[in-house]
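Visitor: Predicted model, plus sequence, below.
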Amino acid sequence: MSQVSEIPNVSTSLKTSNFAVDGIEPKWVVEPQTSEEIGDLLKRARDQSWGVIPFGSGSRQGIGNLPARFDVALSLRNFSRILEYEPQDLVVKVESGCKLTDLQRWLLRDNLFLPIDPPGSSGTVGGIVASNASGPLRLAHGTVRDLLLGVSVVQPAGARTKFGARVVKNVTGYDMCKLYVGSFGTLGVFTDFYFKLKPVPPCQTTILAVMKELSDVTEALTKLRESPLSPLAVEFLNPPSLRAVGQSIPLVGNHEGHALVVLFGEVENAVRWQVEELKRLWASLGIMSVTPGDSSDQKSLWDLLSDDEPFTQGFRNRSVKLKINGFPSQLQELVQQLDLLGKDLLIKSHAGSGITQAYLHLSDSSAEQRGVVQGVQHLRSFLKPFRGSVVVELAPLALKKMMDVWGHDSKDRLLMQRIREKYDPAGILNPGRFVV
């Protein structure tokens, strides 16, 4: 066993309990100052067979299976700077420990932003890249995978490498940046990124429509897809989710039913035309739509829709969150399948991109927990012919011990295993937590 004094950059001021993952605390918390120090630590970890988990804010550490071993929490809070910023080129270089909110605040001075809105306002850009987290804006702007131009990584063996560059067209051959997005910290430790930016739309307007029947939602979405309209985001809420949002913000009124929330953003004349055209399209189906509140109210609404908090409020330690990847055209059938898990299930969907989140609130009943495990297995079987997936992103510890949160059993798993063995043969980074 190594002595604490032999491990560089060990923090004595940070409690290991603040870095616990699924109730498991690390032996040490390390706060390196440079990428060289990260490399030295990883070399030491490889030699000692330590399990290392990189930490930003920790807001997404609940995703994943239980750690197979956890010796070192590698804190990246010293990597929080904005290193380069070229507003005229729409490019920024930022360290992995920088919080997204801090970056967005900086960019807003020039009316620019990084067009991602994942759950969790405290998340760092490193955590967002590692988990490929996204929100409603993925419909118009894609995910962080589409915005990443370059990445600097410390490999598990300690070598420091860079892929991509600050220019948009820089790739010939395989784009290595994309390999790291969504790797959940298993292929290396990120130190900084180049991102491409976009201007903030000069005018944004939200449309809200509430429908009694799920079939009305399907018709409304079909009309929207077949139209020339270009929304930035389209969100679906089932009745329990609409009530949950209504408790946090009064914009939705006392309506009961299924809701579609649509965001348009462009120059004012274009937005006005799209809003009126959508109202006309939906009115032909007997669906009335409204513009809820002013621009400040609408921003608050989208902040709620991009977060998990309204749907887990009061049940944080007993909540289950499922992230379901399917086709947008499957929404009605998927909601019907999800309803089998319980009538109080809260469902929120990025209706234009096929990503659906479902939230359950559990009791301590082991029978209820087994029912959820069976329900997840049923959903995975339903989606498998379409290459869809169900990831359990949030769950009580007892439930995690009963299942694989990833459920990934396609032929891609072998390829993922080979990549992991190539980059981290000793399995020191996030051992046991990801698919492989």
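Guide: Yep, that arrived.

Visitor: so what's the backbone phi/psi at residue 188?
Guide: Phi and psi for residue 188, reported as degrees, to the nearest 10, are phi 160, psi 170.

Visitor: Can you read off the pLDDT for it?
Guide: Residue 188 carries a pLDDT value of 97.

Visitor: what does the one 4 residues further on give?
Guide: pLDDT, residue 192: 98.

Visitor: Surely it forms part of a strand?
Guide: Yes: applying DSSP: H, G, I helix; E, B strand; the rest coil, one finds residue 192 inside a strand.

Visitor: Could you double-check that it sits in contact with residue 152?
Guide: Yes: when contacts are counted by C-beta atoms under 8 Å, residue 192 is listed as touching residue 152 (4.8 Å). (Glycine included, C-beta is placed from N, CA and C.)

Visitor: all helices for the stretch 251-400 of the chain, in order.
Guide: Assigned by DSSP state H, counting those that start in this stretch, the helices in the stretch 251-400 of the chain fall at 268-283, 295-305, 309-312, 331-338, 366-383, 397-400.

Visitor: So which elements touch the last one?
Guide: The elements that helix 397-400 packs onto, with contact taken as 3 or more C-beta pairs under 8 Å, 6 or more residues apart in numbering; DSSP states H and E, are helix 366-383.

Visitor: buried stuff in the helix it packs on?
Guide: 369, 371, 372, 375, 376, 379, 380, 382, 383 (16 or more other C-beta atoms under 10 Å).

Visitor: got the contact list for the second one?
Guide: Read that as residue 371. Residues in contact with residue 371 (C-beta atoms under 8 Å, 6 or more residues apart in numbering) are residue 341.

Visitor: What pLDDT is listed against it?
Guide: At residue 371, pLDDT is 92.

Visitor: gap between it and residue 363?
Guide: 11 Å (C-beta to C-beta, to the nearest Å).

Visitor: And the first one, by the same measure?
Guide: Here the distance between residue 369 and residue 363 works out to 9 Å (C-beta to C-beta).

Visitor: Could you do the third one as well?
Guide: In this structure, residue 372 and residue 363 are 11 Å apart, going by C-beta to C-beta.

Visitor: Next: the last one.
Guide: Noted for residue 383: a distance of 27 Å to residue 363, by C-beta to C-beta.

Visitor: Can you tell me how far residue 19 is from residue 388?
Guide: 34 Å.

Visitor: Repeat that for residue 408.
Guide: With C-beta to C-beta as the criterion, residue 408 and residue 388 are 11 Å apart.

Visitor: Check residue 141 too.
Guide: 22 Å.

Visitor: and residue 46, what does it touch?
Guide: Residue 46 touches 156, 157, 158, 426, 428, counting by C-beta under 8 Å, 6+ apart.

Visitor: I'd assumed residue 156 was in contact with the fourth one.
Guide: Right, residue 426. Yes: between residue 426 and residue 156 there is a contact at 6.9 Å, judged by C-beta under 8 Å.

Visitor: In terms of neighbours, single out the busier of those two.
Guide: Applying other C-beta atoms under 10 Å to residue 426 and residue 156 shows that residue 156 carries more neighbours, namely 24 against 16.

Visitor: what's the nearest residue to the more buried one if we skip its chain neighbours?
Guide: With C-beta to C-beta, 6 or more residues apart in numbering as the criterion, residue 156 has its nearest non-adjacent residue at 4.1 Å, and that residue is residue 424.

Visitor: what number of residues lie near the one you found?
Guide: Neighbours of residue 424 (other C-beta under 10 Å): 21.

Visitor: and it, what is it in contact with?
Guide: Contacts of residue 424 by C-beta under 8 Å, 6+ apart are 156, 186, 187.

Visitor: now with 10 Å?
Guide: By C-beta atoms under 10 Å, 6 or more residues apart in numbering, the contact set of residue 424 is 42, 46, 155, 156, 157, 186, 187, 188, 430, 431, 436.

Visitor: and the third one, how many residues sit next to it?
Guide: By the criterion of other C-beta under 10 Å, residue 155 has 16 neighbours.

Visitor: Look up how far residue 30 lies from it.
Guide: In terms of C-beta to C-beta, residue 155 sits 17 Å off from residue 30.

Visitor: Then the fourth one?
Guide: Computed as C-beta to C-beta, the residue 156 to residue 30 distance reads 15 Å.

Visitor: cool, and the first one?
Guide: Shown here: residue 42 relative to residue 30, a distance of 10 Å by C-beta to C-beta.

Visitor: shared neighbours, the two?
Guide: 52, 72, 74.

Visitor: what bridges to the first one?
Guide: It stands for residue 52. Beta-bridge pairing for residue 52 (DSSP bridges): residue 72, residue 429.

Visitor: show me the contacts for it.
Guide: Per C-beta under 10 Å, 6+ apart, neighbours of residue 52: 26, 28, 30, 38, 41-42, 44-46, 69-74, 156, 185, 189, 428-431.

Visitor: For the residue most central in space within the chain, which non-adjacent residue is closest in space?
Guide: Closest to where the C-alpha atoms of the chain average out (C-alpha atoms, centre = their mean) is residue 133, at 2.2 Å. Excluding its sequence neighbours, the residue lying closest to residue 133 (C-beta to C-beta, 6+ apart) is residue 118, at 3.5 Å.

Visitor: just to revisit the earlier point, out of residue 19 and residue 388, which sits in the busier spot?
Guide: Higher neighbour count among residue 19 and residue 388: residue 19, with 22 against 18, using other C-beta under 10 Å.

Visitor: check contacts around the nearest residue to that one once chain neighbours are set aside.
Guide: Among residues not flanking residue 19 along the chain, residue 73 sits closest, at 3.8 Å (C-beta to C-beta, 6+ apart). By C-beta under 10 Å, 6+ apart, the residues touching residue 73 are 11, 14, 16, 18-21, 25-31, 52-55, 58, 61.

Visitor: Identify those among those residues that sit within helices.
Guide: Using DSSP state H, no member of the contacts of residue 73 falls in helices.

Visitor: pretty sure residue 282 is touching residue 223, no?
Guide: Yes: using C-beta atoms under 10 Å, residue 282 is in contact with residue 223, at 6.7 Å.

Visitor: of those two, who's got more company?
Guide: residue 282 (22 against 16).

Visitor: which stretches of this structure have low pLDDT?
Guide: 1-6, 8, 12, 168-173, 251-254, 410-411 (pLDDT under 70).

Visitor: Skip the chain neighbours and tell me the closest residue to residue 243.
Guide: Per C-beta to C-beta, 6+ apart, closest to residue 243 is residue 256, 7.8 Å.

Visitor: number of nearby residues for the one you found?
Guide: 12.

Visitor: Over to residue 47?
Guide: Residue 47 has 11 nearby residues by other C-beta under 10 Å.

Visitor: Then residue 219?
Guide: So residue 219, with other C-beta under 10 Å, has 17 neighbours.

Visitor: Look up how far residue 429 lies from residue 68.
Guide: From residue 68 to residue 429 the distance is 11 Å (C-beta to C-beta).
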